[in-house]
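> Predicted structure and sequence below. I'll ask about it afterward.
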Amino acid sequence: MSKQQPETNEEIISNLMQFNPYGALGQIFIMEAIREYANNVSAIDPATITGNPIINLAAWVGVAKDVKQRLEEFQKQPCQEI
């Protein structure tokens, strides 16, 4: 684990990916968690949600769809040799 405390969202994700005690398995876990959440949120119809959310649900679903699409495109790429 890195000695310096991460200060931003990007730094914590980078820290989790680079300094996981389980190595590459930690990276797989993080990517799978992001993929699963994006799949779940992108399936939501914002019109079916009631209440007064802090975040615009249509935008939240849009973010999920963008992340889902990018991850799908990334996963189609051939693996790089080490």
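All right, it came through fine.

> Can you pull out the low-pLDDT segments for this protein?
1-4, 6, 79-82 (pLDDT under 70).

> the helices in it, which residues?
9-18, 24-42, 57-76 (DSSP state H).

> As JSON lines, those with distance to Thr50 and mean neighbour count would be great.
Using the backbone N, CA and C atoms, a C-beta is placed for each residue, glycine as well. JSON lines is the format used below for these (distance: least, C-beta to C-beta, whole Å; neighbours: other C-beta atoms under 10 Å):
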{"stretch": "helix 9-18", "distance to Thr50": "29", "mean neighbour count": "12"}
{"stretch": "helix 24-42", "distance to Thr50": "17", "mean neighbour count": "13"}
{"stretch": "helix 57-76", "distance to Thr50": "10", "mean neighbour count": "13"}
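
> nearest to Thr48, of those?
helix 57-76 (9.3 Å; C-beta to C-beta).
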